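1. Could you look at this predicted model? Sequence included:
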Amino acid sequence: MKHTYKITGMTCSNCVASVTEKLSKVENVTGLEVNLKSGEADISMKEHIPLNMLQSALPEKYTISEKNGYVPESLVDDFGNKSKLQQLKPLLLIFLYLFAASFLLNYGDWNTSEAMLDFMGLFYIVFSFFKLLDLNGFPESFRMYDPLAKVTPFYGWIYPFIELALGLMFLMRYEITIALIVTLVVLGITTIGVTKTLMDKKSIRCACLGTALKLPMTEATFIENAIMLVMAITMILKLV
């Protein structure tokens, strides 16, 4: 993967040489090109390197930061050859199965609240499964649009486990109120990031199903989160 960073503090070719030398020694860096005129550095790496690690490798006079609006090449996809329906087929099928499973679990003695809890539990279990298939790749994709994961990379690593825990809590009917509140917080944060990405018209991959399935960031991602948020709010109001 290749990232572009802004570097301030460089004033001459000696600065370029110094920055190149220091950054090239950082673990997982496989290629490096520093441009004095633009004040940028193109860094190729085996896996994502936290920004603070890159900064700590540089002398104090230099400051490295992510280039505004940059999206790694590995997370950009050309979905133009497929219709939105074709692109989102895996996501739509999963939702269909989840709705069907929730209905079948409750149709004999129908209870809307129970069906919603089953849906939410199954939603988290299934979605966490896909994220855990590539736990190393998911955080990099997730931080492209989730506001909290951008500033706290560790959050991207534990997010699949948060979903798994929430799924078990809903299915086991354990501390439902806490699970609903956490759902509002985590999905609320993600929805803010999704909304901003859609408004900026960025063509990036959605991490809702991890990296195993290549899904584009579209309105469906917003709708997916909105459904869960509406269910969570509805259930909280019923419990109050």
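-> Structure's in. What do you need?

2. what sits up against the longest helix seen in the chain?
-> Longest helix of the chain, by residue count under DSSP state H: helix 176-199. Residues outside helix 176-199 that contact it (C-beta atoms under 8 Å, 6 or more residues apart in numbering): 117, 120, 144-148, 150, 159, 162, 166, 169-170, 204, 217-219, 221-222, 225-226, 228-229, 232-233, 235-236, 239. (Glycine included, C-beta is placed from N, CA and C.)

3. and what of stretch 159-172?
-> Contacts of stretch 159-172 (C-beta under 8 Å, 6+ apart): 117-118, 120-125, 127-128, 131-132, 135, 138-139, 142, 146, 149, 174-176, 178-179, 182-183, 186, 210.

4. okay, now the domains of the chain?
-> 2-70, 84-239 (automatic domain parsing).

5. And the pLDDT at the residue positioned nearest the centre of the chain?
-> By C-alpha atoms, centre = their mean, the chain has its centre lying nearest to residue 142, at 1.6 Å. Listed pLDDT for residue 142 reads 84.

6. ok, now residue 176?
-> Per the predicted model, pLDDT is 95 at residue 176.

7. Now which of the contacts of helix 176-199 would you call buried?
-> Neighbour-count burial within the contacts of helix 176-199 applies to 117, 120, 144-146, 148, 159, 162, 166, 169-170, 204, 217-218, 221-222, 225, 228-229, 232, 235; the criterion is 16 or more other C-beta atoms under 10 Å.

8. circling back: how much space between the residue nearest to the centre of the chain and residue 94?
-> 18 Å (C-beta to C-beta, to the nearest Å).

9. what do you get for residue 174?
-> Relative to residue 94, and taking C-beta to C-beta, residue 174 is found at 24 Å.

10. go on, residue 163?
-> 14 Å.

11. So these two - more neighbours on which side?
-> residue 163 (23 against 19; other C-beta atoms under 10 Å).
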